[in-house]
Every structure is written in C-alpha cells, then in structure tokens.
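>>> structure here, sequence nowhere to be found:
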C-alpha cells in the first residue's frame, strides 16, 4: 500500500495508519467503526459486563448520552489497558468490528460447525428437533450442508467437550479462544462485546485452531461483510 503524504508542516502518518485517508474517502462507515472500537468501548460494552467496570452503576440514562459514554469509555480503557490499533492490514478486523447481533449469529454457526458431525448422524425425529432447536433453524441448516466442508471441522469437533450451555455460549467461547492470537489491546476491546457468566471451558483449545475455524465460518456466514475489508486492505 502506498504511503499517503501528510500535509505540509505536519508529521507523516504512522505506518499502521497509512490507509486512513483512503478510508475517509472510500469507506467512511468502516473508519467510524474502527475509531469507535478503539476509543469508545462504552458504545459496545455488553450489558452483563457493566458491573465489572462500574461496581457503583452510573445512572442507566447516561449510557444513552454520547458525551457521558465518552467519559465511561475513558474509565473502561484505563482498566483494560492495551494500545489502540489502526493498522488496516490486520486480519482480525472483520471479526473485531462486528456488532453484537452479528456476533451472536456467528457464534451459533461456529457451534454448528463444532457439532456438525453429530447433527448429520442424527436419525430420530427427536434428535433432529433437539439440534434444530439448540442451534436455530438457520445454523442447523449450516451444520447439515456446509459445516462438513470446512477444512478444520474434524479437528475442531474433537476439541468440544460437554454441551451443557447454549449454542451461543459455545460459539462465544471459541471466539474468546480465537482472539487470544491478536494484539492485546484489540483482544481486550473485542472481549468487551461478549457476555459475562458463560462457563464453557476452552482452556484446552488451541488458539490457532480456534482462529482458523472462526475465520472459515466467518468467511461463509458474512461473505459480504468480509468483502468490505478486502477493499480496506487493498
């Protein structure tokens, strides 16, 4: 990527930010999402995690006020640490910048990939209905038709333990494992989007395996979204 020239009299852009002028012109919504992710975590902090950062909860109305959220964001960033990242070449941005609705849907499809072999072996009506309800119809269809084609599905399925929680909690756990391969500041910010209190243990899951599986599922489930980041990295 070519280096953008800074205006006369100003310092050159740092290498990690050399694509930002192009984003302003071509992909302003992605630039806004990147800035919010790095600087305003109060905008996307999961409701269940607010008490971790504010034991004495602020008035609920403050979370709906932009200026107040900026103050709350400073408190959150002071707690989690980690540097902001504006390197548009990083492979994690399609996942890191997803909103909560997208992440929950992705989590269900990750769970579908992890239990896909079990779903496809189901014969009785009761088993089929169980998996369909546990995964949701959309993710169940993914388990039947697409999950078996993923290059890491067999290896990942072997790493799944008990299925005591929801499909979303299983998927969220693998998202947590996957982001441990990222720079600390990016990973800590991303984790703020995921709910607390989910007890699925992925301590024995290889982080690189988790990232490969998550990336594979993401590229199928959110193909259009991912294509925006190809443009961003061009």
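Structure's in. What do you need? What you are looking at is a predicted structure, and each value in this text was computed from that prediction instead of being measured.

>>> now residue 105: closest residue in space, sequence neighbours ignored.
Spatially, and ignoring its direct neighbours in sequence, residue 105 is nearest to residue 221 (7.0 Å; C-beta to C-beta, 6 or more residues apart in numbering). In short, each C-beta sits where N, CA and C put it, glycine included.

>>> my error: substitute residue 216 in the last question.
Once flanking residues are discounted, residue 216 sits nearest to residue 150: 4.9 Å by C-beta to C-beta, 6+ apart.

>>> my read: the residue nearest to residue 105 touches residue 109, true?
Yes - in this structure, residue 221 is within contact of residue 109 by C-beta atoms under 8 Å, at 4.9 Å.

>>> which neighbours do the two share?
Counting by C-beta atoms under 8 Å, 6 or more residues apart in numbering, the shared contacts of residue 221 and residue 109 are residue 142.

>>> show me which of the two is the more surrounded one.
residue 109 (26 against 21; other C-beta atoms under 10 Å).

>>> show me what contacts that one?
By C-beta under 8 Å, 6+ apart, the contact list for residue 109 reads 138-139, 142, 171, 217, 220-221.

>>> cool, and residue 68?
58, 62.

>>> and the helix or strand where it lies, which residues are buried?
Assigned by DSSP states H and E, residue 68 belongs to helix 66-80. Within helix 66-80, the residues that count as buried by 16 or more other C-beta atoms under 10 Å are 69, 72-73, 76-77.

>>> next one: stretch 93-107
Across stretch 93-107, burial judged by 16+ other C-beta under 10 Å covers 93-98, 102-107.

>>> shaky segments in the protein?
Scanning the chain for pLDDT under 70 picks out 1-26, 153, 199, 201, 234.

>>> so which residues of it form helices?
For the chain, the helices defined by DSSP state H cover 20-26, 28-39, 50-53, 66-80, 93-96, 100-114, 116-121, 125-135, 137-145, 153-157, 167-179, 184-191, 207-221, 223-233.
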